[in-house]
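Chemist: I'd like to go over a predicted model; first the sequence, then the structure.
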Amino acid sequence: MYHYEHLYIDGQWLAPVRQGCFNSFDPCDESLLAKVAAASAEDVELAVAAARRAFDQGDWPRLSGHERASVLRRIAEGIRARQDELAILEVRDNGKPLAEAQGDIADAAGCFDYYAGLAEAADAAPRQSLEVPDPRFSCWVEREPVGVVGAIIPWNFPLLMAAWKVAPALAAGCTLVLKPSELTPLSALELARIAHQAGLPAGVLNVLSGLGSEAGAALAEHSGIDKLAFTGSVPTGRRIMQAASREIKNFSLELGGKSPLIVFADSDLDAAVEWIMFGIFWNQGQVCSATSRVLVERALYPALLERLVEQTRKIRIGQGLEEGVQLGPLVSRGQLDKVLTAIASGQQEGARLLHGGQRPAHLEQGHYLTPAIFADVPVASALWREEIFGPVVCLRAFDREEEALRLANDSVYGLAAAVMSQDLTRAERVARGLRAGIVWINCSQPTFNEAPWGGYKQSGIGRELGQWGFDSYREVKQITRYDSAKPWGWYQQ
């Protein structure tokens with residue numbers, strides 16, 4: 001059993017003010033995994049005060065981009081030096097297969113390297129000159145860190161989601177209070193240890209494990225926070241938005257999705273099935289961008305359903321550390337129950353269950369579920385319209401391109417979408433017609449640090465990753481200077 005009974009505040013490991021802990025369980029066998037410190041509102045107060053001092057009085061916001069970049073690169077090196085250990089920790093904390101966890105850890109390290117490069121690039125262009133019509137004036141734009149950031153992250157990609165927020169915020173010169181999910185807090189606490197060893201100054205990064213209802217709420221509502229950055233569910237995102245609105249506070253939200261994948265009849269059958277499976281079964285379907293609604297042109301529909309079921313039967317389900325496992329348990333009993341309820345509801349609403357949706361017979365413990373494939377799913381059903389966040393894919397046939405686009409866009413979400421066709425002109429036309437912030441052509445789910453991540457509609461506000469993610473942690477300041485030697489002369493004629 002692991003022991004994480006301290007919080008990382010102001011460069012120190014401190015016991016919670018109320019001396020409280022909560023239990024963290026291994027989703028593979030439901031055994032006790034760790035005792036974890038439970039931050040209270042009092043601990044949030046200490047952490048925000050530390051971050052505030054570090055921003056208002058400390059060196060970090062005033063360092064050059066090159067100086068900040070050197071620390072970020074040491075954090076990346078620290079992650080890589082412990083990659084195997086951290087990947088195993090993610091498997092035990094989250095349940096995902098080891099190969100997926102190893103990829104996540106490598107991507108987290110790469111994220112710190114990427115933003116180190118952007119911090120250095122910002123040094124080369126500290127101001128943007130503007131042409132104004134009056135020659136008596138010079139005008140330019142500078143960017144500066146937004147301030148103290150309250151970052152709240154989900155449980156599906158624990159260390160990677162931390163990196164997506166911590167790396168650009170640090171690169172921009174911000175200070176942070178990071179609150180990981182209570183379901184998967186362990187790697188974020190290890191990130192604090194790595195950052196400390198990398199020489200990050202005290203107070204610049206503070207990490208608080210704890211319950212969302214207490215620590216998360218206190219952080220979201222704290223007046224000392226300049227920006228709230230949240231990834232998670234739509235209901236919690238609404239509460240974050242409401243908290244930010246009370247003080248007209250800067251915020252960014254990356255929320256849910258019910259992403260469509262359109263498969264045209266000219267698609268390669270095996271490739272289409274491969275990407276459908278990767279788009280919904282990767283990470284047990286616990287992915288905000290999962291392409292969980294699949295629209296297949298009618299001529300290909302019967303053959304695709306048959307091949308999809310055939311290939312899905314081959315997926316090995318089990319403990320993430322076992323060799324060859326491709327699907328681990330869901331993260332918690334609560335999440336498993338939610339997915340099972342959605343499956344039962346889908347059957348009652350008339351969807352045809354072709355495969356899965358039950359506990360695997362050989363796994364008596366843990367939060368396991370065989371991947372579920374539904375065909376002919378009614379478009380008005382909750383199964384088709386609501387995010388399930390599990391290995392459940394819904395399929396329907398379509399006859400015309402216009403019909404496929406209409407069905408794909410008929411959603412309150414707009415995070416991601418995908419289209420498959422060997423006709424690239426058509427694929428790009430459909431991609432432009434899809435109302436989503438991320439669109440994949442002939443693939444599903446690849447993500448790059450260089451490209452913006454975020455959605456339309458109820459899928460969120462703002463963008464992470466790329467230059468867009470960096471700029472979301474920087475304020476834009478206009479500076480205008482009067483250069484003429486002649487008096488302004490407005491009042492003195």
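Modeler: That came through, no problem.
Chemist: what is the neighbour count of His355?
Modeler: 18 (other C-beta atoms under 10 Å). Bear in mind the C-beta positions are built from the backbone N, C-alpha and C, glycine included.
Chemist: how close does it sit to Arg298?
Modeler: Using C-beta to C-beta, to the nearest Å, one gets 21 Å for the distance from His355 to Arg298.
Chemist: try Arg307
Modeler: Counting by C-beta to C-beta, the gap from Arg307 to Arg298 is 16 Å.
Chemist: go ahead and list the helix or strand containing Gln128.
Modeler: strand 127-130 (DSSP states H and E).
Chemist: pull that strand out as PDB, backbone CA atoms only.
Modeler: This file holds the C-alpha atoms of strand 127-130, laid out as PDB (Å, rounded to 0.1, in the frame of the first residue of the first chain):
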ATOM      1  CA  ARG A 127       6.600  42.700 -28.200                       C
ATOM      2  CA  GLN A 128       4.400  42.900 -31.300                       C
ATOM      3  CA  SER A 129       4.500  46.300 -33.000                       C
ATOM      4  CA  LEU A 130       1.300  47.700 -34.400                       C
END
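Chemist: list the buried ones in the next helix or strand along the chain from it?
Modeler: Counting by DSSP H and E, the next helix or strand C-terminal to strand 127-130 is strand 137-145. Within strand 137-145, the residues that count as buried by 16 or more other C-beta atoms under 10 Å are 143, 145.
Chemist: tell me the strands beside strand 137-145, with direction?
Modeler: With DSSP bridges as the test, strand 137-145 is paired with strand 127-130 (antiparallel), strand 474-482 (antiparallel).
Chemist: state the number of residues packed around the residue nearest to Phe448 when sequence neighbours are not counted.
Modeler: Leaving aside its chain neighbours, Phe448 sits nearest to Leu465 (7.6 Å; criterion: C-beta to C-beta, 6 or more residues apart in numbering). Residues lying near Leu465 (other C-beta under 10 Å) number 22.
Chemist: check Ser245 too.
Modeler: 10.
Chemist: what helix or strand is it located in?
Modeler: Here Ser245 is assigned to helix 234-246, by DSSP H and E.
Chemist: what's in contact with that helix?
Modeler: By C-beta atoms under 8 Å, 6 or more residues apart in numbering, the surrounding residues in contact with helix 234-246 are 152, 212, 216-217, 220-221, 228, 230, 249-251, 253, 255-256, 387, 458, 460-461.
Chemist: swap the cut-off to 7 Å and go again
Modeler: 220-221, 228, 230, 251, 253, 255-256, 458 (C-beta atoms under 7 Å, 6 or more residues apart in numbering).
Chemist: redo those residues as JSON lines? Include pLDDT and neighbour count.
Modeler: JSON lines is the format used below for the contacts of helix 234-246 (pLDDT from 0 to 100; neighbours: other C-beta atoms under 10 Å):
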{"residue": "Ala220", "pLDDT": "96", "neighbour count": "24"}
{"residue": "Glu221", "pLDDT": "96", "neighbour count": "19"}
{"residue": "Leu228", "pLDDT": "98", "neighbour count": "22"}
{"residue": "Phe230", "pLDDT": "98", "neighbour count": "30"}
{"residue": "Phe251", "pLDDT": "95", "neighbour count": "21"}
{"residue": "Leu253", "pLDDT": "97", "neighbour count": "23"}
{"residue": "Leu255", "pLDDT": "97", "neighbour count": "26"}
{"residue": "Gly256", "pLDDT": "93", "neighbour count": "23"}
{"residue": "Gln458", "pLDDT": "97", "neighbour count": "20"}
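Chemist: from those residues, which single one is nearest Gln365?
Modeler: Lowest distance from Gln365 to those (C-beta to C-beta) belongs to Gly256, with 29.3 Å.
Chemist: residue ranges for the helices of the stretch 301-450 of the chain, please.
Modeler: Taking DSSP state H, counting those that start in this stretch, the helices of the stretch 301-450 of the chain run over residues 301-312, 333-348, 382-385, 401-409, 424-433.
Chemist: actually, the stretch 101-250 of the chain.
Modeler: Using DSSP H, counting those that start in this stretch, helices in the stretch 101-250 of the chain cover 158-172, 186-197, 217-220, 234-246.
Chemist: grab the nearest non-local neighbour of the residue most central in space within the chain.
Modeler: Compute the mean C-alpha point of the chain, and by C-alpha atoms, centre = their mean the closest residue is Met161, 4.9 Å away. Distance criterion C-beta to C-beta, 6+ apart; nearest residue to Met161, sequence neighbours excluded, is Ile153 at 4.2 Å.
Chemist: flag every buried residue along stretch 228-248.
Modeler: 228-232, 234, 236-237, 239-241, 243-244.
Chemist: and the residue nearest to Phe448, its phi and psi?
Modeler: phi 70, psi 160 (degrees, to the nearest 10).
Chemist: my guess is it contacts Ile438. True?
Modeler: No. The criterion here is C-beta atoms under 7 Å, and Leu465 misses it with Ile438 at 10.2 Å.
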